[in-house]
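Peer 1: Let me see the structure of the following:
(2 chains)
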Amino acid sequence: MNIDSLQRGLVIDHIQAGKSMEIYKFLELDKLDCSVAIIKNARSQKSGKKDIIKIEDRIDLDLDVLGFIDPNITVNVIEGGKIVEKKALKMPKEVVNVVRCKNPRCITSIEQELPHVFKLVDDGRSTYRCIYCEQEYNSKK
Amino acid sequence: MKHLIEPTDMTPQEVDEVLNLADRIIANPKAYAHKCEGKKLATLFYEPSTRTRLSFEAAMLELGGSVLGFSSANSSSAAKGESVADTIRTVECYADIAAMRHPKEGAAKVAAMNATTIKVINAGDGGHLHPTQTLTDLLTIRSLKGRLDDLTIGMCGDLMFGRTVHSLIRALLRYPKIRFVLISPKELRVPDYIREAMNNQGVEFQEVERLDDVMDQLDVLYMTRVQRERFFNEEDYIRLRDSYILDTEKMENAKSDMIVMHPLPRVNEISVEVDKDPRASYFKQALYGKYVRMALIMKMLGVEE
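Peer 2: Prediction:
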């Protein structure tokens, strides 16, 4: 399958196979006017299969959100058809209103105006916990 | 200490200070009868409670302070949909310190995050935490066992939804040579974050299904209620229900100086016949609850002895 190579824009690479739509939604890429290509199950030397998202514009990406979903993702900045910058991601200490707490007993389930805040409690296991009820969110699961 | 939302909001030194003050109050309650004159405690109880609310109110009254509040969500503006954040901003116009019981987890934390002048105490948030019960439990153990270290503590019953259990485990993790024996049906074991906390601390613990198998190891047996509706199937309930009922027969296998605790209310998990056993300590525990809350209110309000 051929996808035109980018002259200028961003390539979100090394996405865990099957996760690209989730990232598309998290980053609200549906709101962009430029071309966006989602490549699912591309061949990967590291993991066998991977997803890739190509964006034909240099938009401001929320790297915290990407790092929260998967810190192994890489973001390549393309200018003149070449990679001019590789952005490494890391897990943010805290994410606000990225995921909602799923605990039906959490105060956020009844108080709509509360921000949904998750704090990183274990880097190794990528574990985040709701600051109110301590419900776990693991981005790798 | 600005607020008490979870047990670890207090340093071990602050816990010791509160327990030591409680001991002094027990020794001479009259000396503290006017310590909180002019101060007001608001009890904001969105769900039913006997011991916690009454012991808070009794504690403030015995310190010479006053009490206001509500004892169910229906008798406050929560029934009209008022948020916890707005409620605490209102209550701080009228009171110096608030004790909040709420069915939703994290409610007291939200109150504390929105408070400017008032001090907030979590008096139980859903199945999450109950730090003043923990102080009560620590005072009970220290008073009756003489120490808070080198103890084998059995926790029996519903360990998944039992907020008193979660809080007490966290608090005890800070003392040396504590061993936990967690006795519950598989479906009602402690949540992952509690197991994670025990593992991180390197504390010795075992998870078992039957109380009889471990009775003779325990220095403290902390009983909680297991409700039939918490089981996922009837077979398991029938197989295990008697295992969690403490009776005189099971007490025969226990150490002669073991103490039996229960945050109460009990339903049938401790037979009434056990009440006569000198090791039954749950009503003493309810009394310690008042003294420890007196000490806590004084500390949080910064009242001098």
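
Peer 1: In the strand or helix carrying residue B:285, which residues are buried?
Peer 2: Assigned by DSSP states H and E, residue B:285 belongs to helix B:282-301. Buried residues in helix B:282-301, counting neighbours by 16 or more other Cβ atoms under 10 Å in any protein chain shown, are found at B:282, B:285-286, B:288-301. Every C-beta, even on glycine, is put in place using the N, C-alpha and C of the backbone.

Peer 1: Need the mean per-residue confidence for that helix.
Peer 2: Per-region confidence: helix B:282-301 scores 97 on mean pLDDT.

Peer 1: swap in stretch B:234-244?
Peer 2: 78.

Peer 1: cool, and stretch B:254-268?
Peer 2: Averaged across stretch B:254-268, the pLDDT comes to 94.

Peer 1: One more: stretch B:35-55?
Peer 2: Computed over stretch B:35-55, the average pLDDT equals 95.

Peer 1: what about it, how long is it end to end?
Peer 2: For stretch B:35-55, the first-to-last residue distance is 17 Å (Cα to Cα, to the nearest Å).

Peer 1: swap in stretch A:114-133?
Peer 2: Stretch A:114-133 end-to-end distance (Cα to Cα) = 13 Å.

Peer 1: If we go by neighbour counts, what in it is buried?
Peer 2: A:114, A:116-118, A:120, A:126-133.

Peer 1: Quick one: the helices in the stretch 201-305 of chain B, in order.
Peer 2: All helices of the stretch 201-305 of chain B, identified by DSSP state H, counting those that start in this stretch, fall at B:234-240, B:248-251, B:282-301.

Peer 1: Would you check that residue B:292 makes contact with residue B:15?
Peer 2: No: counting by Cβ atoms under 8 Å, residue B:15 is not a contact partner of residue B:292; they are 10.0 Å apart.

Peer 1: in chain A, what secondary structure element scores lowest on mean pLDDT?
Peer 2: Least confident helix or strand, chain A: strand A:136-138 with a mean of 85, by mean pLDDT, DSSP states H and E.

Peer 1: Partner strands of it and their direction?
Peer 2: In the sheet containing strand A:136-138, its partner strands are strand A:127-130 (antiparallel), by DSSP bridges.

Peer 1: avg pLDDT for the partner strand?
Peer 2: 93.

Peer 1: For the stretch 151-300 of chain B, list the residues in contact with chain A, please.
Peer 2: The stretch 151-300 of chain B comes close to chain A at residues B:192-193, B:196, as judged by Cβ under 8 Å from any Cβ of the partner chain.

Peer 1: rerun that using 6 Å as the cut-off
Peer 2: Residues of the stretch 151-300 of chain B found near chain A (Cβ under 6 Å from any Cβ of the partner chain) are residue B:193.

Peer 1: ditto for the stretch 1-150 of chain B
Peer 2: Counting by Cβ under 6 Å from any Cβ, the stretch 1-150 of chain B sits next to chain A at B:83, B:104-107, B:109-110, B:126, B:128.

Peer 1: so which two of the buried residues of stretch A:114-133 are the farthest from each other?
Peer 2: Farthest pair in the buried residues of stretch A:114-133 (Cβ to Cβ) is A:114 and A:126. Separation: 23.9 Å.

Peer 1: May I see the buried residues of stretch A:30-41?
Peer 2: A:36, A:38-39.

Peer 1: Mind putting the residues you listed into CSV with pLDDT, distance to chain B and secondary structure?
Peer 2: Below are the buried residues of stretch A:30-41 laid out as CSV (pLDDT from 0 to 100; distance: Cβ to the nearest Cβ, whole Å; DSSP: H, G, I helix; E, B strand; the rest coil):
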residue, pLDDT, distance to chain B, secondary structure
A:36, 94, 37, strand
A:38, 95, 34, strand
A:39, 94, 36, strand
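
Peer 1: Fine by me, thanks again.
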